[in-house]
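Student: Turn this into a structure:
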Amino acid sequence: MEQAMLIRDHKQTILNLLQEGKALMESAGDKERAAVLEKNRQETEAKTSPTMMFYGLYNAGKSTIINALCQDDVAPVGDVPTTTEIQRIHWKGYTLIDTPGIDACTEHTKIAEKEIRESDVVLFVMDNADTFDNALVYRTIVNILDMGKPLAVIINQKNIDEEEDINIPVPEQASMRNIVKKVSLNLETQGRRSSAQLVAQRRNYLGIFPLNGLMAFSARQQTNADGREGYLGISGITSLKNALDTAIAHSQQVYMLQTPLINLRDTLRQAAEEFQASSIYGEKQQMAKNREALLLSRQRLRDRLLADGLRKIEATIEQMNASAAAGQRVEDPSQKLKEELQALLREAAEQEKAVLQSTLTLEAMPGYQPEEASATNQSEKEGFDLFDLLADVPIIIDGPGFPIPIPGGVIVKLVKVLFKLIFGDSDSSNQQAAAESQERLANYYRWRNEMRDQEIKIKAVYEKSVNDFLAQVYDPQLAEIDRILADVDKTCAKHTETLRELEQLQLRVSDEMVALAVS
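Tutor: Model prediction:
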């Protein structure tokens, strides 16, 4: 009783959501979707039994399996596509739907795909001859699972292994077990391409059922009940029936309510996507993409200028240290370093221009004017220009100068004096020279320490110059884009509000789907 009340509550919630969706579509001027949602609401209110759709490649045995379940010739069979339209068959409180197979023809495929959305459970039929290796099969199955539809895979044994014992039930035969393993592997492989969740762990995946549809259908020819049940048991159709009577029958009310929820979810998604892609949002979308492109361009240029520039600074300092250690006179490299960094800026900026040229939609940029073939003075043309964006703005390295270089030959002279001291030549003149050399050596190490401090300051000045350059180049364009985006938001406030209502209703639909799934 409590479960029945809970289902009734869910049904009323879903009817209310469909009504709200219809009203929202009407207010947005989308009469076609409003009519679809009203139709779904009426069908949901009137529906009393779940629908199970048989789907799969043509000639896999869908109609034969339906006949086997019903033990009657209710669906046409043949070696060519015989089902050309939707057929509805009533069986044990279910509505079985026989559909045209995928790959039969384009028109039939469209008919079947439309019916999937209206069905509560999908039974996907493949055979053990060749369809279990067809990539289209697994893409279709995963697509249906991604929709949220409960789905079971049926492997129909059309080719019988002569080495198998005919008294062994089809699901337990070695050849069919191997195919089940292969189908499971193929399905998981395809499933990983669309979702991180394993197919076998999805709530709406009901499993794989191997059976022999023709053998099951032939059971009706048995004259006694035991023989008939024996045929059905060996054929594997009994396992499928049990699954329908447990997993599906137990949740049939839930499955029936999931269908309108899934359809409402997809309708709202499609409407939201159209609202986002509508012409009124075109300018905003292009401007937003350009803003993102400029931000990425700014980050790329900053990363390159800092990485290459800091390496140049380090290489210059290292070269000075090596010259000083070799006893050579060290010259002030400030001017040369500035020139190298300026050259780096020009090269990096030119390459970034080329990237932006292929990334930005120029027509959407502030002030852009199309270039006229008949223009006589392009230099006077106003509007957006990539060369204006990345103009040659100098990077100023205006930090403290390098310290005074030490005299040449310090290390060489010191070594000579130490050599004499070690070998006993200790006259006063040598001692004095040693003292002078020690002082020079101390000066050298003081100079090295000062150089390390200078390196830190130079890098900090360079990094600030890069950041100032990027702010001068990019910030005005970004600010102008933000201003235009704000204006666009004002002009399409009603459109934005409708989109927000669509998104909020989608969230409520998602919440109801979760609540229904755990009922």
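Student: What about Asp276, how many residues nearby?
Tutor: In this structure residue 276 is Gln, not Asp. Using other Cβ atoms under 10 Å, the number of residues around Gln276 comes to 13. For every residue, glycine as well, the C-beta is placed using N, CA and C.
Student: Quickly find the element holding it.
Tutor: Under the criterion of DSSP states H and E, Gln276 resides in helix 252-277.
Student: Buried residues in that helix, which are they?
Tutor: 252-265, 267-268, 271-272, 275 (16 or more other Cβ atoms under 10 Å).
Student: Strands of the protein, start to end?
Tutor: Per DSSP state E, the chain carries strands over the ranges 51-56, 87-91, 94-98, 121-127, 151-156, 205-211.
Student: can you list the residues that contact the second one?
Tutor: Where contact means Cβ atoms under 8 Å, 6 or more residues apart in numbering, the residues beyond strand 87-91 that reach it are Thr51, Ile66, Leu69, Cys70, Val74, Ala75, Thr95, Leu96, Ile97, Asp98, Thr99.
Student: neighbours around the residue nearest to the first one when sequence neighbours are not counted, how many?
Tutor: Okay, so that is Thr51. Once flanking residues are discounted, Thr51 sits nearest to Thr95: 4.4 Å by Cβ to Cβ, 6 or more residues apart in numbering. When neighbours are defined as other Cβ under 10 Å, Thr95 has 16 of them.
Student: Restrict stretch 460-471 to CA atoms and write it as PDB.
Tutor: In PDB, the C-alpha atoms belonging to stretch 460-471 read as follows (Å, rounded to 0.1, in the frame of the first residue of the first chain):
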ATOM      1  CA  ALA A 460      61.500  40.600 -10.900                       C
ATOM      2  CA  VAL A 461      61.800  43.700 -13.000                       C
ATOM      3  CA  TYR A 462      61.400  41.600 -16.200                       C
ATOM      4  CA  GLU A 463      58.400  39.700 -14.900                       C
ATOM      5  CA  LYS A 464      56.700  43.000 -13.900                       C
ATOM      6  CA  SER A 465      57.500  44.400 -17.400                       C
ATOM      7  CA  VAL A 466      55.900  41.400 -19.000                       C
ATOM      8  CA  ASN A 467      52.800  41.700 -16.900                       C
ATOM      9  CA  ASP A 468      52.600  45.500 -17.600                       C
ATOM     10  CA  PHE A 469      52.900  44.800 -21.300                       C
ATOM     11  CA  LEU A 470      50.200  42.200 -21.300                       C
ATOM     12  CA  ALA A 471      47.900  44.500 -19.300                       C
END
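Student: Same question for that stretch: list its buried residues.
Tutor: Val461, Tyr462, Ser465, Val466, Phe469, Leu470.
Student: ok so, going back, just the buried members of the contacts of strand 87-91?
Tutor: With burial judged by 16+ other Cβ under 10 Å, the buried subset of these is Thr51, Ile66, Leu69, Cys70, Val74, Ala75, Thr95, Leu96, Ile97, Asp98, Thr99.
Student: so how many other residues sit close to the closest residue in space to the last one that isn't next to it in sequence?
Tutor: If you skip the residues right next to it in sequence, Thr99 has Ala112 as its closest partner in space, 4.2 Å away by Cβ to Cβ, 6+ apart. By other Cβ under 10 Å, 23 other residues sit near Ala112.
Student: so who does Ala112 touch?
Tutor: Tyr55, Thr99, Pro100, Gly101, Ile102.
Student: Is it correct that the second one is in contact with Phe54?
Tutor: Yes - because the distance of 6.6 Å satisfies Cβ atoms under 8 Å, Thr99 is recorded as touching Phe54.
Student: Find residues that contact each of the two.
Tutor: Counting by Cβ under 8 Å, 6+ apart, the shared contacts of Thr99 and Phe54 are Lys62.
Student: What about Gly101, how many residues nearby?
Tutor: Using other Cβ under 10 Å, the number of residues around Gly101 comes to 23.
Student: For it, give its distance to Glu339.
Tutor: As defined by Cβ to Cβ, to the nearest Å, Gly101 lies at a distance of 73 Å from Glu339.
Student: Ile166 too?
Tutor: For Ile166 relative to Glu339 (Cβ to Cβ), the value is 90 Å.
Student: Do a quick rundown of the helices in the stretch 251-400 of the chain.
Tutor: Assigned helices in the stretch 251-400 of the chain, in chain order: 252-277, 279-325, 334-359, 386-389 (criterion: DSSP state H, counting those that start in this stretch).
Student: Many thanks, I have nothing further to ask.
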